[in-house]
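**Student:** Pasting the sequence and the predicted coordinates here, then a few questions.
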Amino acid sequence: MSSKALKQICAYVTGADLSSEMISVAKEVCHGLQGYDFIVSRAEEIPARKEKYDIVTAAGVIPWVEQEKFLENLNRLVQKQTYVLIYDFWVSDQMKGSEAYSIWWHDAYLKAFPKSFRREHIWTAQEVALYGFSMIDQVQYNMEYEFDCDSFINFMMIQSNVNVKIEGEGRSAKEIRKWFEQSLKAVFNQEKKKVIFKGYSWYMKSR
């Protein structure tokens, strides 16, 4: 979806992901459309093209990359004055007007499904300058998204820490879904609720 958004302003778009499954889905979504190329690659190892890139976006990447290798490779891939947008967002422990949700998050959810490791370091202007980039701005924001209980459970079932229990530890998806249904029943009370998402955008430019 990020690639399709870029294609509205770009003649050619390369999409890269470490997951071959994600790349397969991207190819299906863009099947028959011209001007796309999708590759399976670590962000630190995306190969250079003859024509260097002049716009780069990185969605949900920073917690998983090695900063120095990523910036070194990025510098090799881009033209001078290339704009780089790095962004991410995630579900938080807050629901609009609901203290019960925050209690559920910390006392039930995180105890049952501990968060997997993420690099939380916020890159500084001084750090990116070492690799030929200027940090133009860094913005943090909150977003609201409305769920009913069933749609929220569908969303939570694809979270990485939940999938660790299913794929890594062999727990039944049916059993986990039932746990969500029972523990969230009093939080949603058959109503739609607005969950708070947190996110950030970093705007950089190559020199």
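**Tutor:** Received it, and whenever you're ready, just let me know what you need.
**Student:** got the contact list for Phe133?
**Tutor:** Counting by Cβ atoms under 8 Å, 6 or more residues apart in numbering, Phe133 makes contact with Leu71, Leu74, Asn75, Val84, Met204, Lys205, Ser206, Arg207. The C-beta positions use only the backbone N, C-alpha and C, and glycine is treated the same way.
**Student:** Got a PyMOL select line for the buried ones in those residues?
**Tutor:** To isolate the buried ones among the contacts of Phe133 in PyMOL, judged by 16 or more other Cβ atoms under 10 Å, type:
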select buried, resi 71+74+75+84+204+205+206
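**Student:** Go through the contacts of Phe133 and flag which are in strands.
**Tutor:** Among those, the members found in strands (DSSP state E) are Val84, Met204, Lys205, Ser206.
**Student:** Tell me the bridge partners for the closest residue to the first one other than its chain neighbours.
**Tutor:** In this structure, Val84 finds its nearest non-sequential neighbour in Met204, 4.1 Å apart by Cβ to Cβ, 6 or more residues apart in numbering. Beta-bridge partners for Met204, by DSSP bridges, are Val84, Met135.
**Student:** got the contact list for Pro83?
**Tutor:** If you look again at residue 83, you'll see it is Tyr, not Pro. Residues near Tyr83 by Cβ under 8 Å, 6+ apart: Asp54, Ile55, Val56, Tyr203, Met204, Lys205.
**Student:** so which helix or strand takes in the second one?
**Tutor:** What it means is Ile55. strand 53-59 (DSSP states H and E).
**Student:** outside of that strand, which residues touch it?
**Tutor:** 2, 6, 9-10, 14, 43, 74, 77-79, 81-88.
**Student:** what's the closest of the contacts of Tyr83 to Met135?
**Tutor:** The shortest approach to Met135 among these belongs to Met204, at 5.6 Å (Cβ to Cβ).
**Student:** thought the closest one was touching Val78?
**Tutor:** No - using Cβ atoms under 8 Å, Met204 is not in contact with Val78, being 10.0 Å away.
**Student:** joint contacts of those two?
**Tutor:** Val84.
**Student:** Against Val139, how distant is the residue nearest the centre of the chain?
**Tutor:** Nearest to the geometric centre of the chain sits Gly60, at 2.8 Å (Cα atoms, centre = their mean). Noted for Gly60: a distance of 16 Å to Val139, by Cβ to Cβ, to the nearest Å.
**Student:** do Arg42 as well
**Tutor:** 27 Å.
**Student:** what does Phe113 give?
**Tutor:** Phe113 is 29 Å from Val139, by Cβ to Cβ.
**Student:** what about these two, which has more around it?
**Tutor:** Comparing Phe113 with Val139 by other Cβ atoms under 10 Å, the one with more neighbours is Phe113, at 20 against 10.
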